[in-house]
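Trainee: Following is a predicted model, sequence given first.
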Amino acid sequence: MKKNFLPISINIEGQKILIVGGGESAFKKLKILQRFGAEVEVLAIDVSDEIKQSGIKYFETAYQKKYLTGYLMLYSCTNNYELDKQILSDGEKMGVLVNIHDKPELCQFVSPAIYKNGKMTVAVASNGEDVYESIRLRNKISEFLTDNFHKN
Ligand SMILES: C[C@@]1(CC(=O)O)C2=NC(=C\c3[nH]c(c(CCC(=O)O)c3CC(=O)O)Cc3[nH]c(c(CC(=O)O)c3CCC(=O)O)/C=C3\N/C(=C\2)[C@@H](CCC(=O)O)[C@]3(C)CC(=O)O)/[C@H]1CCC(=O)O
Ligand SMILES: NC(=O)c1ccc[n+]([C@@H]2O[C@H](COP(=O)([O-])OP(=O)(O)OC[C@H]3O[C@@H](n4cnc5c(N)ncnc54)[C@H](O)[C@@H]3O)[C@@H](O)[C@H]2O)c1
């Protein structure tokens, strides 16, 4: 079924967010979420050293549905498509919003390309259909704003 993603801004200051998967993609996602004040936790069979050293709470274990309790939302960055399908189904049942990294067909929400400067945020998205165009447009906007308004 065709998806229609509504762009909204959610307050995640102090909210618990779970990342399933502990590799490079999970680390990138962690950095973005921390910029917005979330209390991020990571659950994965193997958690990378850079995630361990970032000081966040992590669980080095295999995913199970019971671990979803208490989270506002969840980002899955695993390397297992069947597991990702299961996580989406579990999230829907448990009332946890699910994003499966780079898999729009398994996402309840998608992440836009962001330019953030103080309280102002510009978010560019393509309804999950053309991420490279989102990144290109964000970069153009970012250059324009930096040149015209945010010169140091
Ligand atoms: C904007 C950003 C936000 C973020 O992730 O926070 C984001 N992707 C980012 C980066 C990025 N994504 C990809 C690469 C190349 C990596 C590589 O190949 O090495 C890089 C570059 C990189 O990693 O540097 C590949 C990719 N991504 C998706 C697919 C599948 C597909 O499109 O079908 C494919 C494979 C495409 C192909 O077939 O080639 C899907 C999604 N990516 C989205 C968001 C959502 C759509 C948003 C929208 O509506 O436009 C959506 C639908 C789901 C989601 O993940 O939420 C972040 C910008 C970081 C920044 O610069 O700030
Ligand atoms: N690395 C990138 O830059 C990149 C770029 C584009 C797309 N992707 C996609 O993003 C996803 C993740 O990429 P990555 O490079 O971070 O992968 P990775 O292989 O480094 O990490 C996968 C993580 O999933 C965990 N995992 C697997 N099965 C699990 C289970 N049952 N329970 C708990 N944890 C489990 C592993 O322990 C590991 O920490 C993949 O689908 C990949 O195709 C990654």
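Mentor: Alright, I've got the coordinates. Numbering: from 1, shown residues only. Ligands and ions are numbered 1, 2, ... in the order given.
Trainee: for the residue of the chain found nearest ligand 2, what are its contacts?
Mentor: Among residues of the chain, the one nearest ligand 2 by Cβ to the nearest ligand atom turns out to be residue 23. It sits 2.1 Å away. Placement of C-beta: from N, CA and C, glycine included. Residues in contact with residue 23, defined by Cβ atoms under 8 Å, 6 or more residues apart in numbering, are 44, 46, 48, 77, 79.
Trainee: Which ones among those residues lie within strands?
Mentor: Among the contacts of residue 23, the residues falling in strands (DSSP state E) are residue 44.
Trainee: May I see the PyMOL selection of the buried members of the contacts of residue 23?
Mentor: Command for PyMOL that selects the buried part of the contacts of residue 23, burial taken from 16 or more other Cβ atoms under 10 Å:
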select buried, resi 44+48+77
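Trainee: In terms of distance to residue 134, which of the contacts of residue 23 ranks first?
Mentor: Proximity of the contacts of residue 23 to residue 134 (Cβ to Cβ) peaks at residue 77, which lies at 18.8 Å.
Trainee: Would you confirm that that closest one contacts residue 32?
Mentor: No. Here residue 77 lies out of contact with residue 32, judged by Cβ atoms under 8 Å, at a distance of 11.8 Å.
Trainee: list residues touching both of those two?
Mentor: With contacts defined as Cβ under 8 Å, 6+ apart, no residue is shared by residue 77 and residue 32.
Trainee: what about residue 91, neighbour count?
Mentor: By the measure other Cβ atoms under 10 Å, the count of residues near residue 91 is 22.
Trainee: meant to ask about residue 65, not that
Mentor: By the other Cβ under 10 Å criterion, the neighbourhood of residue 65 contains 13 residues.
Trainee: how about the closest residue to it other than its chain neighbours, what does it touch?
Mentor: Distances taken as Cβ to Cβ, 6 or more residues apart in numbering place residue 90 nearest to residue 65, at 4.3 Å, with adjacent residues excluded. Applying Cβ under 8 Å, 6+ apart, we find residue 90 in contact with 65, 68, 96.
Trainee: All good on my end, thank you.
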